[in-house]
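A.B. asks: What follows is a predicted protein model with its sequence.
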Amino acid sequence: MSDFNKQAGSLSEKAGISSPEITNVSAINQIKFKRRQQPTATELIAGILEGNRTALSRAITLIESTNPEHAEKANEIINGCISHANKSLRIGITGVPGVGKSTFIEAFGTHLTQLGKKVAVLAVDPSSSISHGSILGDKTRMEELVKDENAFIRPSASGENLGGVARKTRESIILCEAAGFDTIIIETVGVGQSETAVHSMVDFFLLLKISGAGDELQGIKRGIMEMADAIVINKADGDNIKKANQAKVEFNRALHLFPPKKSSWQPKVTTCSAITKDGISDVWNSILDYFEMTKETGFFQEKRNEQNQFWMMETINEQLKQNFYNQPEIISLLEQNKKAVQNNEISPFAAAQLLLNQYKKSF
């Protein structure tokens with residue numbers, strides 16, 4: 001007998017006693033059937049108003065869906081929840097990658113839940129322009145806050161269309177408010193046009209900075225700083241405390257060079273450490289001061305009214321664009337004109353006008 005056969009014999013599996021059948025096949029089939037069943041819009045609305053997180057998550061998924069069949073159901077849910085919304089404070093948080101947004105939001109959110117607040121975090125993750133995928137790792141980074149019964153974290157992919165993502169986030173705010181969350185935090189993808197979109201849907205815009213990061217983003221820094229209602233120097237701990245305090249002085253000087261805000265609010269610069277929790281309460285107190293002042297002057301409600309009008313116009317623009325690109329005649333003609341433009345047979349402007357004229361004929 002060869003060595004190989006000996007090894008094969010020693011490793012061969014011997015017949016044993018089969019495990020008894022303890023699985024309830026009927027129960028499994030019933031669970032699978034219920035999973036296939038989709039709750040109605042009325043059921044989801046009722047669940048959201050009761051504070052059911054599963055219903056809230058499923059409703060947000062419908063809002064984010066690009067399936068045209070889901071749009072009608074999503075709109076029905078929004079219409080059923082909107083009268084229960086507008087009862088929260090909406091806070092936007094931005095900062096360059098590496099500034100510690102997720103760590104700060106976890107420390108800040110935990111501080112708020114300890115004060116008795118119900119916090120919803122809507123985190124927009126950047127999508128790859130190549131694979132179109134997103135990591136959606138915010139729940140992993142906020143491992144303590146995600147276990148808090150008074151917190152709800154929802155990461156969403158930014159996708160390709162900024163306007164569409166902003167609209168979905170705007171509608172998700174309504175659902176979270178209807179579910180009883182009184183503080184909504186929106187984390188942006190980092191730096192860029194998304195900041196402008198988020199600024200147009202929140203009451204307070206917080207810019208996170210770190211000391212010694214340099215001025216690589218000089219071109220966009222002024223625009224973002226003008227939008228900020230507060231600047232927080234994060235990672236002010238250990239050997240970095242002195243640098244953070246120096247950065248605080250520099251940013252305070254810079255803010256005084258900007259024109260006064262329409263709200264008459266003077267943005268404040270504070271330091272904090274999301275690791276040690278030092279300064280977190282100061283950030284919240286500064287936000288409360290802002291809300292107290294803007295509600296007294298009427299600016300708070302004025303800004304919300306302007307935002308509602310803005311999002312009505314944005315929704316019209318978005319819907320018109322979708323209708324244009326989904327027209328069968330446009331789809332065919334668009335491909336033809338793409339090739340013609342590439343081959344210099346027609347100018348891009350003439351091709352665009354040709355497509356728009358064809359779209360007008362469909363009415």
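C.D. replies: In hand now; what should we look at? Numbers count the residues shown, from 1 in each chain.

A.B. asks: What helix or strand is Leu207 located in?
C.D. replies: Assigned by DSSP states H and E, Leu207 belongs to strand 204-209.

A.B. asks: elements contacting that strand?
C.D. replies: Judged by 3 or more C-beta pairs under 8 Å, 6 or more residues apart in numbering; DSSP states H and E, the packing partners of strand 204-209 are strand 89-94, helix 218-227, strand 230-233, helix 280-297. Any C-beta I mention is one placed from the backbone N, CA and C, and that applies to glycine too.

A.B. asks: change it to 6 Å
C.D. replies: If contacts are counted by 3 or more C-beta pairs under 6 Å, 6 or more residues apart in numbering; DSSP states H and E, strand 204-209 sits against strand 89-94, strand 230-233.

A.B. asks: and it, how far from the chain's centre?
C.D. replies: Taking C-alpha atoms, centre = their mean, to the nearest Å, the mean C-alpha location of strand 204-209 is offset from the chain mean by 15 Å.

A.B. asks: Now do it and helix 280-297, the angle between them.
C.D. replies: Calculated by axes from the mean of the first three to the mean of the last three C-alpha atoms, to 10 degrees, strand 204-209 forms an angle of 150 degrees with helix 280-297.

A.B. asks: List the neighbouring strands of strand 204-209 plus their orientation.
C.D. replies: Here strand 204-209 has these sheet partners by DSSP bridges: strand 89-94 (parallel), strand 230-233 (parallel).

A.B. asks: Now those in JSON lines, please, with extra columns for mean neighbour count and distance to Glu250.
C.D. replies: Converted to JSON lines, those look like this (neighbours: other C-beta atoms under 10 Å; distance: least, C-beta to C-beta, whole Å):
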{"stretch": "strand 89-94", "mean neighbour count": "24", "distance to Glu250": "19"}
{"stretch": "strand 230-233", "mean neighbour count": "25", "distance to Glu250": "10"}
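
A.B. asks: and Lys321, which of these is closest to it?
C.D. replies: The minimum distance between Lys321 and the strands paired with strand 204-209 falls on strand 89-94, with 24.7 Å, by C-beta to C-beta.

A.B. asks: what comes into contact with the closest one?
C.D. replies: Strand 89-94 is contacted by residues 183-188, 195, 198, 202-207 when judged by C-beta atoms under 6 Å, 6 or more residues apart in numbering.
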